[in-house]
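Colleague: quick one, what's the 3D model for this:
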Amino acid sequence: KKLQLEKLIRLNFLSGFIFGLFFWSLSIFWIYDAINFYGAGNVLSFFITTSLICYLSIYTAVFCKLITYFRNSKITILLLPSIFFILEWVRSWMISGFPWLNLGIIVEPFWGFLPYVGASGTSFFIILFLCLLWYSLFSDKDKGQKTTLKRIISFAAAGLIFFIASINHKDDNSIIGKINIGIVQPINNDINLLKNITNTMNKADVVLWPEAVGWFDNKLVIDQDIKPIILGGFFIKEEDKVFSSMINLQTKERYDKRNLVPFGEFQPFGEILRSVNKFFNIPNSNFTQGLSKQKRITVAGYPFAGLICWELSFNNTFTDRVKDSGIIFHISNDSWYGDKMPLQHLKHARARAVESQKWVIRSTTDGLSQIISPFGDSSEIIPRGQFGNLIHYNVPIKMKNTIYVKYGDLPLLIVSFLTLIFGIFEKKRHEV
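Modeller: Below is the predicted model:
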């Protein structure tokens, strides 16, 4: 019997790994385009991409393995969501982190949980919903009236979770002001082009430029012909350090990018792969990581959160920046990631708007740029590969923090680890 269990565990591990290979291959093969963009070549680009896909697939393999390991536990319905949540948390920081396409981001019908528990917490409730539904419909472990009652309660609990998930939150009472905001999608990051476009947007209070429009120079700051306040992404050098930053050109205040892109913006393995990278023509970017806690800066009199590129997907960075901010500005340059990644990036931005209940203003080099309402209201979008700009009038400023922005993942992380520890002790006790 023990050998059969071990065989089943191995089989489920392999099944989870194969599922992971399938899912991640369909979802993130754009990484191949990004690596190849820098001239690494087809062979090395394919190797690095498949290595990442295999690494990410280990998480689904471990989850499927633990489904079998804890299948007879009295708290399986709570254990599986807890394990899934912990695995997503580990993936968010292990080897510099890859918190991309969490289940809570993918499954939009459950976004009603985002303001309370965030994207990873929403993943927890999706798995809990599936466990309750499975138990109520398919479990044949026990028979009798007591089990029938358990099934009814499980089905009712699953229905309650789905009902809560469908709630659209809207709190107009927390709005403290409104401003007119413009965004620019220039296709090419040319400073003079950006200035000329901005000059036509004089009805905007603030205009957002995309990431990495050029090197910051004090001469750029003062341009008497430009009326709106400009926020934009620049490279800035301080002694021997180089930062990728979002800068308010009026006040020179800035946010420095903290979550840098591995290989593209920093070398995660230090000097170990430097000679290999040189041989394969991969540039050794040496950006300096921004501080985890950065001074809150303002625009048009309101404190705002600035997020650069995929910082948006890191839960801790997001909650730290967004807490006590009135609006979220997100800049990115997705031009070298292929066509699929910008859609995924925009979905992360939309989820973060719902999660924080604050507007997200998003400017990218060549798409997709949008001013995003946290209430699911439709707003104009500048399509991929299209030059353009737009202004949204009376964008609400909301200082109130959601429960998730206040507390982050910590409460559910504690609950999940305690549940896992209890599950392990319970299983060991039954094995003795």
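Colleague: please name every helix or strand in contact with the helix or strand that contains Tyr393.
Modeller: Counting by DSSP states H and E, the element that carries Tyr393 is strand 388-398. Contact analysis of strand 388-398 by 3 or more CB pairs under 8 Å, 6 or more residues apart in numbering; DSSP states H and E lists strand 175-185, strand 327-332, strand 369-372, strand 381-382 as its packing neighbours. From N, CA and C alone the C-beta is placed, and that goes for glycine too.
Colleague: other residues contacting the next helix or strand after it?
Modeller: Tracing the chain C-terminally past strand 388-398 and defining elements by DSSP H and E, one meets helix 403-407 next. Residues outside helix 403-407 that contact it (CB atoms under 8 Å, 6 or more residues apart in numbering): 114-118, 121, 319, 322-323, 355-356.
Colleague: quick one: which of these sit in helices?
Modeller: 114-118, 121, 319, 322, 355-356 (DSSP state H).
Colleague: before we move on, the earlier item: what's the closest of the helices and strands packed on strand 388-398 to Phe138?
Modeller: Phe138 lies closest, by CB to CB, to one member of the helices and strands packed on strand 388-398: strand 369-372, at 39.0 Å.
Colleague: what pLDDT, on average, does stretch 81-94 get?
Modeller: Averaging pLDDT along stretch 81-94 gives 96.
Colleague: one step back: among the contacts of helix 403-407, name the buried ones.
Modeller: Buried by 16 or more other CB atoms under 10 Å: 114-118, 121, 319, 322-323, 355-356, out of these.
Colleague: got a markdown table for these, with pLDDT too?
Modeller: Compiled in a markdown table, these are given as follows (pLDDT from 0 to 100):
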| residue | pLDDT |
| --- | --- |
| Leu114 | 95 |
| Pro115 | 95 |
| Tyr116 | 95 |
| Val117 | 96 |
| Gly118 | 96 |
| Gly121 | 97 |
| Thr319 | 95 |
| Val322 | 95 |
| Lys323 | 94 |
| Glu355 | 95 |
| Ser356 | 95 |
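Colleague: need those in CSV with distance to Arg71, can you?
Modeller: Formatted as CSV, the entries for the buried ones among the contacts of helix 403-407 read as follows, by distance: CB to CB, whole Å:
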residue, distance to Arg71
Leu114, 30
Pro115, 34
Tyr116, 29
Val117, 26
Gly118, 28
Gly121, 24
Thr319, 35
Val322, 39
Lys323, 40
Glu355, 33
Ser356, 38
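Colleague: nearest to Thr198, of those?
Modeller: Nearest to Thr198 out of the buried ones among the contacts of helix 403-407 is Val322 (CB to CB; 25.8 Å).
Colleague: okay, strands next: where are they in the stretch 101-250 of the chain?
Modeller: 175-185, 206-208, 229-238, 241-248 (DSSP state E, counting those that start in this stretch).
Colleague: tell me what angle the longest one forms with strand 388-398.
Modeller: Going by axes from the mean of the first three to the mean of the last three CA atoms, to 10 degrees, strand 175-185 is angled at 160 degrees with respect to strand 388-398.
Colleague: using CSV, list the CA coordinates for strand 175-185.
Modeller: C-alpha atoms of strand 175-185 as CSV (Å, rounded to 0.1, in the frame of the first residue of the first chain):
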residue,chain,number,x,y,z
ILE,A,175,-12.6,60.9,-3.2
ILE,A,176,-10.7,64.0,-2.0
GLY,A,177,-10.1,65.7,-5.4
LYS,A,178,-9.9,65.4,-9.1
ILE,A,179,-7.3,66.2,-11.8
ASN,A,180,-7.0,66.0,-15.6
ILE,A,181,-4.4,63.5,-16.7
GLY,A,182,-2.8,62.8,-20.1
ILE,A,183,-0.7,59.9,-21.3
VAL,A,184,1.6,59.6,-24.3
GLN,A,185,2.5,56.6,-26.4
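Colleague: any idea how far that strand is from the middle of the chain?
Modeller: Here strand 175-185 is found 23 Å from its chain centre; the criterion is CA atoms, centre = their mean, to the nearest Å.
Colleague: go on, stretch 200-207?
Modeller: 29 Å.
Colleague: endpoints of it, how far apart?
Modeller: 11 Å (CA to CA, to the nearest Å).
Colleague: now tell me what touches it from outside.
Modeller: 179-184, 198, 227-231, 299-300, 389, 391, 393.
Colleague: repeat for stretch 107-120
Modeller: Counting by CB under 8 Å, 6+ apart, 85, 88-89, 92, 102, 104-105, 121-122, 124-126, 129, 162, 164-169, 315, 319, 351, 354-357, 402-404, 408-409, 412 sit against stretch 107-120.
Colleague: now a ChimeraX select for only the buried ones of those residues.
Modeller: Of those, the buried ones can be selected in ChimeraX as follows, counting by 16+ other CB under 10 Å:
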select :85,88,89,92,102,104,105,121,122,124,125,126,129,162,165,315,319,351,354,355,356,357,402,404,408,409,412
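Colleague: can you show me the helices along this structure?
Modeller: Taking DSSP H to define them, one finds helices in the chain at 2-28, 30-37, 42-69, 76-91, 103-106, 114-138, 145-165, 191-199, 218-221, 274-279, 315-322, 340-356, 403-407, 410-431.
Colleague: and the ones you listed as TSV, adding distance to Leu307?
Modeller: Output for the helices of the chain, formatted as TSV (distance: least, CB to CB, whole Å):
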stretch	distance to Leu307
helix 2-28	20
helix 30-37	19
helix 42-69	23
helix 76-91	20
helix 103-106	15
helix 114-138	14
helix 145-165	25
helix 191-199	20
helix 218-221	22
helix 274-279	28
helix 315-322	6
helix 340-356	8
helix 403-407	13
helix 410-431	21
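Colleague: which one of the ones you listed has the lowest average pLDDT?
Modeller: What stands lowest among the helices of the chain, in mean pLDDT terms, is helix 274-279, with a mean of 59.
Colleague: between the helices of the chain, which one is nearest to Ile331?
Modeller: Between Ile331 and the helices of the chain, the shortest gap by CB to CB is with helix 340-356, which sits at 10.9 Å.
Colleague: okay, the angle between that closest one and helix 315-322?
Modeller: Using the same axes, to 10 degrees, helix 340-356 lies at 60 degrees relative to helix 315-322.
Colleague: list the buried ones in helix 340-356?
Modeller: Quick answer for helix 340-356 (16+ other CB under 10 Å): 341-342, 344-346, 348-356.
Colleague: sorry, back to before: give the ChimeraX command for selecting the buried subset of the contacts of stretch 200-207.
Modeller: In ChimeraX, a selection of the buried entries from the contacts of stretch 200-207 looks like this (16+ other CB under 10 Å):
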select :179,180,181,182,183,184,198,228,229,230,231,299,300,389,391
